[in-house]
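S.K.: Dropping the sequence and predicted coords here.
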Amino acid sequence: SAVISQKPSRDICQRGTSLTIQCQVDSQVTMMFWYRQQPGQSLTLIATANQGSEATYESGFVIDKFPISRPNLTFSTLTVSNMSPEDSSIYLCSVLASGRGETQYFGPGTRLLVL
Amino acid sequence: AQKVTQAQTEISVVEKEDVTLDCVYETRDTTYYLFWYKQPPSGELVFLIRRNSFDEQNEISGRYSWNFQKSTSSFNFTITASQVVDSAVYFCALSRRTSGSRLTFGEGTQLTVNP
């Protein structure tokens, strides 16, 4: 499977600030996704990161709150804007690698705590 | 709409016991994929298996086995001779058989294997 890294691995932030999370893959991938996992909950898809165009957001998630970039086939960022304690979650990126069927592989996640 | 139900929120067993994690799904699609992922305390999501809807053959991989029954819309996961390292949250997931389709996750089952 592709090797996926995320930065930062964890952070503690103050409310009202923004944090940008990076996702880097060691090979070109066809698709990249961002998920949120709130404490004790399952994973929820935030958006699909599209290379060279605006991300596709799921219901309940908006670009102003979660701006996403994907400048190339190996890198994406997710920004959590104007944070509140409700944004405390694990944020995970996943990738769909060409030639490996329809299996999504996940990064190690970013643990975010908002005070 | 797609839905995945993992009715067992938490399971606790003693080492060397066998344990089965249940997964029931709902979909209107005739073709789809089913997945199991493992999330250890470190937080990363580890891919375990993908099953195509047209392939009902059961699969065994070491101590892990999967029982897919389309007639009952179930995709259960059995760990034989459990070990402490198996302690994790296990997620069952479903996706359509179209490229880049989103994953729909169940709520997860917390498995604790006690020595």
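M.R.: In hand now; what should we look at? Residues are numbered from 1 along each chain as shown, chains lettered A, B, ... in the order given.
S.K.: close to chain B, is stretch A:105-115?
M.R.: Yes. Contact between stretch A:105-115 and chain B is present through A:105, A:106, A:107, A:108, A:109, A:111 (criterion: C-beta under 8 Å from any C-beta of the partner chain). Every residue, glycine included, has its C-beta placed from N, CA and C.
S.K.: which residues touch residue 52?
M.R.: Let's take chain A. For residue A:52, the contact set (C-beta atoms under 8 Å, 6 or more residues apart in numbering or on different chains) comprises A:70, A:71.
S.K.: look at chain B instead
M.R.: The contact partners of residue B:52, taken as C-beta under 8 Å, 6+ apart, are B:31, B:33, B:97.
S.K.: for residue A:16, same thing?
M.R.: Residue A:16 touches A:82, A:83, counting by C-beta under 8 Å, 6+ apart.
S.K.: mind checking how far it is from residue B:114?
M.R.: For residue A:16, the distance to residue B:114 equals 43 Å [C-beta to C-beta, to the nearest Å].
S.K.: Residue B:44 too?
M.R.: 23 Å.
S.K.: near chain A, which of the contacts of residue B:52 show up?
M.R.: Taking C-beta under 8 Å from any C-beta as the test, chain A is in contact with B:33, B:97 out of the contacts of residue B:52.
S.K.: which among the contacts of residue B:52 gets closest to residue A:65?
M.R.: Of all the contacts of residue B:52, residue B:33 has the smallest distance to residue A:65: 29.9 Å, by C-beta to C-beta.
S.K.: Can you pull the poorly scored residue ranges out of chain A?
M.R.: A:1, A:98-101 (pLDDT under 70).
S.K.: From the structure, what's the count of residues near residue 28?
M.R.: With no chain named, the answer covers chain A. Residues near residue A:28, counting by other C-beta atoms under 10 Å in any protein chain shown, number 13.
S.K.: Actually, chain B is the one I wanted.
M.R.: Residue B:28 has 8 neighbouring residues, counting by other C-beta under 10 Å.
S.K.: List the residues that contact the nearest residue to residue B:65 once chain neighbours are set aside.
M.R.: Leaving aside its chain neighbours, residue B:65 sits nearest to residue B:78 (4.8 Å; criterion: C-beta to C-beta, 6 or more residues apart in numbering or on different chains). Taking C-beta under 8 Å, 6+ apart, we find residue B:78 in contact with B:18, B:19, B:20, B:21, B:64, B:65, B:66, B:67.
S.K.: how about 7 Å then?
M.R.: Contacts for residue B:78 (C-beta atoms under 7 Å, 6 or more residues apart in numbering or on different chains) come out as B:18, B:20, B:65, B:67.
S.K.: What about those residues, which one has the most neighbours?
M.R.: residue B:65 (17 neighbours).
S.K.: Quick check: nearest residue in space to residue B:81, chain neighbours excluded?
M.R.: Going by C-beta to C-beta, 6+ apart, residue B:81 has residue B:16 as its nearest residue, at 5.2 Å.
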